[in-house]
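S.K.: everything below, folded, please.
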Amino acid sequence: MKLAALPLVVLSLALASCATPETRLRTGLVNAGLSQSIATCMADRMVDRLSLVQLRRLGSLGSLKDKRMTDLSFNQFLHKVRALKDPEILTVTTSSAAVCTFS
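M.R.: This next block holds a predicted model:
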């Protein structure tokens, strides 16, 4: 490999290691207490329907991070989502949860 190509390889590896919005959302949903399979399904649907700003707002639900669903009911999770005061986030989250739970 030529020495000139080394920065390109390093840059490629650095970019590949960055978490995608879908990965971040999936991790946040799992941290909120959702199962891995439901979180994966929901994140896959939600990244196509919400803007990056909305995804970041949803990810800002830091108070959910340390709690598991045994302590936090799904209704409480939706209450936190509703508190963001973004009807589109609430609609997409609710519909994704319904589709992913019953599919």
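
S.K.: in the longest helix belonging to the chain, what counts as buried?
M.R.: Ranked by number of residues, the top helix in the chain under DSSP state H is helix 87-101. Applying a neighbour-count criterion of 16 or more other C-beta atoms under 10 Å, one finds 89-90, 92-93, 96-97, 100 buried in helix 87-101. (Each C-beta comes from the backbone N, C-alpha and C, glycine too.)

S.K.: pretty sure Leu50 is touching Leu58, no?
M.R.: Yes - in this structure, Leu50 is within contact of Leu58 by C-beta atoms under 8 Å, at 7.2 Å.

S.K.: who touches both of the two?
M.R.: Both Leu50 and Leu58 are in contact with Ile89, where contact means C-beta atoms under 8 Å, 6 or more residues apart in numbering.

S.K.: shaky segments in this structure?
M.R.: Scanning the chain for pLDDT under 70 picks out 1-18, 62-73.

S.K.: what about the strands in it?
M.R.: Taking DSSP state E as the criterion, the chain carries no strands.

S.K.: so how far is Arg57 from the residue positioned nearest the centre of it?
M.R.: The centroid of the chain falls nearest to Leu25 when counting by C-alpha atoms, centre = their mean (1.1 Å). The gap separating Leu25 from Arg57 is 11 Å, by C-beta to C-beta, to the nearest Å.

S.K.: for Gly33, same thing?
M.R.: 19 Å.

S.K.: show me which of the two is the more surrounded one.
M.R.: Using other C-beta atoms under 10 Å as the criterion, Gly33 and Arg57 rank with Gly33 on top: 19 against 16.
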